[in-house]
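Participant: Sequence and predicted model, in that order:
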Amino acid sequence: MVRSSQPRKQRKAAGSAPNHSQRKRVRARLQLEDNSFTTVRNITVRAGDTVKVVRGDFGFPNSKKSDGRGKRNQGKRGASGIEGEVLKVNPDGTLHIEGIAVTKSDGKDEPMPVRASNVVVIKLDDSDAKRMSKLAERENRGA
């Protein structure tokens, strides 16, 4: 925790923090379809979780155009909220999501990173029993 309120010192502390601290900062809003965790507001994103992009080039859920590419990637604006499984979580706060890729000049597809703040988690990877028990504990504490 940095005691200064200067933005440059906040950014420096966030960037030079240890990996286990940076991983905890990769959080996203929790919006499950079954409403099982109503008091848990956000959660640390892990590989295997299913997310929906709600902001940025692959967000725009109000748009009817869905050609799969965002405006930055020579497509029309609005990919209508792409949903996919998280393939990789980077400690810098970005996620690699299944179905979101850009084509490089040599023809290969490369996953495009999406900020964790631009997605909502719609389905949890429940293979980790310890994670689910901690979530249930948080749910009971908040109710």
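Facilitator: Sure, I can see it. Here the structure is a predicted model, which is why all the values come from computation and not from measurement.
Participant: Residue nearest the middle of this protein, spatially speaking?
Facilitator: The residue lying closest to the centre of the chain (C-alpha atoms, centre = their mean) is Ala116, at 3.1 Å.
Participant: ok, now which ones touch that residue?
Facilitator: Residues in contact with Ala116 (C-beta atoms under 8 Å, 6 or more residues apart in numbering) are Val26, Arg27, Ala28, Val45, Val89, Gly93, Thr94, Leu95. Where you see a C-beta, it was placed from the backbone N, CA and C, and this is true even at glycine.
Participant: What subset of these is buried?
Facilitator: Buried members of the contacts of Ala116, scored by 16 or more other C-beta atoms under 10 Å, are Val26, Arg27, Ala28, Val45, Val89, Gly93, Thr94, Leu95.
Participant: The last one - that's part of a strand, no?
Facilitator: Yes. Residue assignment for Leu95, taken from DSSP: H, G, I helix; E, B strand; the rest coil, places it within a strand.
Participant: returning to that earlier point: so among the buried ones among the contacts of Ala116, where is pLDDT lowest?
Facilitator: Ranked by pLDDT, the buried ones among the contacts of Ala116 bottom out at Gly93 (89).
Participant: and the nearest residue to Gln22 once chain neighbours are set aside, how many neighbours does it have?
Facilitator: Take Gln22 and drop its neighbours on the chain: the residue closest to it by C-beta to C-beta, 6 or more residues apart in numbering is Pro91, 4.1 Å away. Using other C-beta atoms under 10 Å, Pro91 has 15 neighbouring residues.
Participant: Redo the buried ones among the contacts of Ala116 as TSV? Include distance to Pro18.
Facilitator: Shown next, in TSV, are those (distance: C-beta to C-beta, whole Å):
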residue	distance to Pro18
Val26	14
Arg27	17
Ala28	21
Val45	19
Val89	16
Gly93	15
Thr94	18
Leu95	20
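Participant: right, and the pair among those residues with maximum separation?
Facilitator: Arg27 and Thr94 (12.8 Å; C-beta to C-beta).
Participant: Tell me how far stretch 102-113 lies from the chain's centre.
Facilitator: 20 Å (C-alpha atoms, centre = their mean, to the nearest Å).
Participant: Show me which residues of that stretch are buried.
Facilitator: Within stretch 102-113, the residues that count as buried by 16+ other C-beta under 10 Å are Pro111, Met112.
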